[in-house]
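[1] The following block contains a protein sequence and its predicted model.
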Amino acid sequence: MATAKVEPKGAHSAVDDSKTYEGLTRDQLIQAYRTMYLSRRLDDREILLKRQQKIFFQISGAGHEAIGIAAAFALKPAYDWFYPYYRDRALCLGLGATPLEMLLQAVGAADDPASGGRQMPSHWSCNRLNIVTQSSPTGTQILQAVGCAEAGVYLARHPQAAQKATGDYRQFKEVTFQGDEVTYVSLGDGTTSEGEFWESLNTASNRKLPIVFVVEDNEYAISVPVEVQTAGGNISRLVAGFPNFHFEEVDGTDPVASYAAMTRAVAHGRARKGPGFVHAHVIRPYSHSLSDDERLYRPEMERQRDAAHDPISRMQMFLIRESFLDEKAINQLEKEVEQEVQEATDRALEAAPAAPESVTRFVYSPDLDPTSSAFETQPAIAPASATDKKPAKTMADLINACLKDEMRRDERIVIFGEDVADCSREQYLEQKLIKGKGGVFKLTSGLQSEFGSDRVFNSPLAEANIVGRAVGLATRGLKPVVEIQFFDYIWPAMMQLRDELPLIRWRSNNGFSAPAVIRVAIGGYLTGGAIYHSQCGESIFTHIPGLRVIFPSNALDAAGLLRTAIRCDDPVLFLEHKRLYRETYGRAPYPGPYNPAHSSQLLPTGPSCLAPYRQLRSWSASSTSVWK
């Protein structure tokens, strides 16, 4: 965290400046209080603006300020990566977000850097600080944070993958990473009931990822108390069995104790020993939001009990007790904060709102249109001679060949999903004890053997896990090409596929993007497959703005469209009809392997691939099917 030396009038000069509190200096503790107080006053100002009908929603971080500023001190802005939730105002201020930026979001201003006025207040996003755009569904950010942490580990092992290239999505995707970076993700106690939370812990534990989970437990999910949400009423007891974790349970209203806990958890991640888990007990002195009235379900005695643990008053008394500030100095500091909030409010209220016509901007990439003539470039390689005819191959063959070609060309590509690897127990492959699986339909056969387990690996049997992690990986600049084994089982990933993957770019006003490819085997293919191995629900996904949906009908189309999907700058749902995988009538010669001597070519070889590229369509304006 960047800190400024704070010397309010009335500070005690006789204090020993060499003394620290869990590593925090006097100046840092004064700065911590200033940021905490600023966070609370911004909440109060937004509440006032809401009552004046100058903003339309308010949800506060009150009571969570101490754990937030502790996390900001323990981590590094624009170095580590952050997936906060809506009560993390103090964290974001501590990392470097400004009061004006927050109030611009509150009023829905066009200049709001988080979303350009597209999201509700307290939906944090800041590209310059690595604060990744969040949405309203609770818990969807957690799997994405896991993918983000995976990306950092991958890039540290494959630093050359970060290099830019022209002619595809990499030209427009800046990739930065640090060898010891840590990913932060926070959530409320209620969100620990979500399945994606448990999927996240499982993967973070298995892969020993450098991620710190922070559960900010204020004992309520709107009106539902923690004992109803959580078996036994304490999430720390439930997660204690996960291996490779560093666990902390702390009074989250105490910034010094919280900083110590966060520092230990972050150090565990930086050392690549595994994930951290910080369970911070906090309070919620205000209602869930201004749309809620907690007096309907919380008695006054309970609310008074929380007030006695308010982190603002506790920190103020700490500064006075340790002779860091006297009452006059605290009043001066708070007066300065009030002036800062007033100035930011005045500027925010004068800001122009987002123009209605801007709503369609950034639904898709503004830089690379896969339906344009750029993807119809003639290849530089001469076509094969008439005497050198290539054998016809099935759709399955050409998809496999295309994946291999693209992985040879682009080291950012990683492939994972259920059963996609040749064998997770690599020693069996090394000892040639087995042939290897490579997908239930064999479409990823041989990929792990050629490219290694860093780039091709199996996932848990959890569809949200697959797509959510892909979102995080793609946000960091990698190109995940992941597989949902059967379309019939895609529905656990629906939240990620509808609310997250296609909206990352739009909701962040082009601050972030996630051009992942989701491959899915779809349709009936055998007698007796019944409803659960025969579903075709592609029409549902064609109504999702921001998502490109592809459904090839033959082998050549599949190869060309998959190549385009991988190289384009938008998320793509790539549907593969199971019955067509090996049908003889859809066969075609493979256009040829990628030629590194012609790295700018957008087609494999030969003009025969032009038609498949022209088929790629966006679905924002039409739900008409484009497959033959």
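    Sure, I can see it. Numbering: from 1, shown residues only.
[2] OK, contacts around residue 105?
    112, 114, 115, 117, 119, 121, 122, 123 (CB atoms under 8 Å, 6 or more residues apart in numbering). Yep, even glycine has a C-beta here, placed from its N, CA and C like the rest.
[3] Let me fix that, I meant to ask about residue 368.
    168, 169, 171, 172, 374, 568, 569.
[4] Can you name the helix or strand that it falls in?
    Assessed by DSSP states H and E, residue 368 sits outside every helix and strand.
[5] can you give me the helices for the stretch 51-200 of the chain?
    For the stretch 51-200 of the chain, helices defined by DSSP state H, counting those that start in this stretch occupy the ranges 65-74, 89-95, 99-107, 140-157, 195-206.
[6] Point out the most buried one among those helices.
    helix 65-74 (a mean of 31; mean count of other CB atoms under 10 Å).
[7] who does it touch, helix- and strand-wise?
    For helix 65-74, the elements it packs on are helix 26-51, helix 89-95, strand 211-217, helix 255-270, helix 311-321, judged by 3 or more CB pairs under 8 Å, 6 or more residues apart in numbering; DSSP states H and E.
[8] and it with helix 255-270, angle?
    If you take axes from the mean of the first three to the mean of the last three CA atoms, to 10 degrees, helix 65-74 sits at 40 degrees to helix 255-270.
[9] For helix 65-74, the averaged confidence score.
    Average pLDDT, helix 65-74: 98.
[10] ok and that helix relative to helix 311-321, angle-wise?
    70 degrees.
[11] returning to what we had before: so which of the helices and strands packed on helix 65-74 gets nearest residue 425?
    Proximity to residue 425 (CB to CB) singles out strand 211-217 among the helices and strands packed on helix 65-74, at 25.5 Å.
[12] hang on, residue 349 packs against residue 52?
    No: if you go by CB atoms under 8 Å, residue 349 and residue 52 don't touch, sitting 9.9 Å apart.
[13] Neighbour count: these two, which is higher?
    Each of residue 349 and residue 52 has its neighbours counted (other CB atoms under 10 Å); residue 349 has more, 16 against 9.
[14] which residues touch the spatially most central residue of the chain?
    With distances taken as CA atoms, centre = their mean, residue 144 lies nearest the centre of the chain, 3.5 Å away. Residue 144 makes contact with 83, 132, 468, 469, 471, 472, 475, 500 under the criterion CB under 8 Å, 6+ apart.
[15] And the pLDDT at it?
    pLDDT, read off for residue 144, is 98.
[16] Use 53 as the first number for this chain going forward.
    Shifting the count to begin at 53 puts that one at residue 196.
[17] Now the buried members of the contacts of residue 157.
    164, 166, 167, 169, 171, 173, 174, 175 (16 or more other CB atoms under 10 Å).
[18] I'd like to know how far residue 168 sits from residue 551.
    Look at residue 168 and residue 551: by CB to CB, to the nearest Å, they are 18 Å apart.
[19] In terms of neighbours, single out the busier of these two.
    residue 168 (25 against 15).
[20] Check what pLDDT the more buried one gets.
    Looking at residue 168, the pLDDT reads 97.
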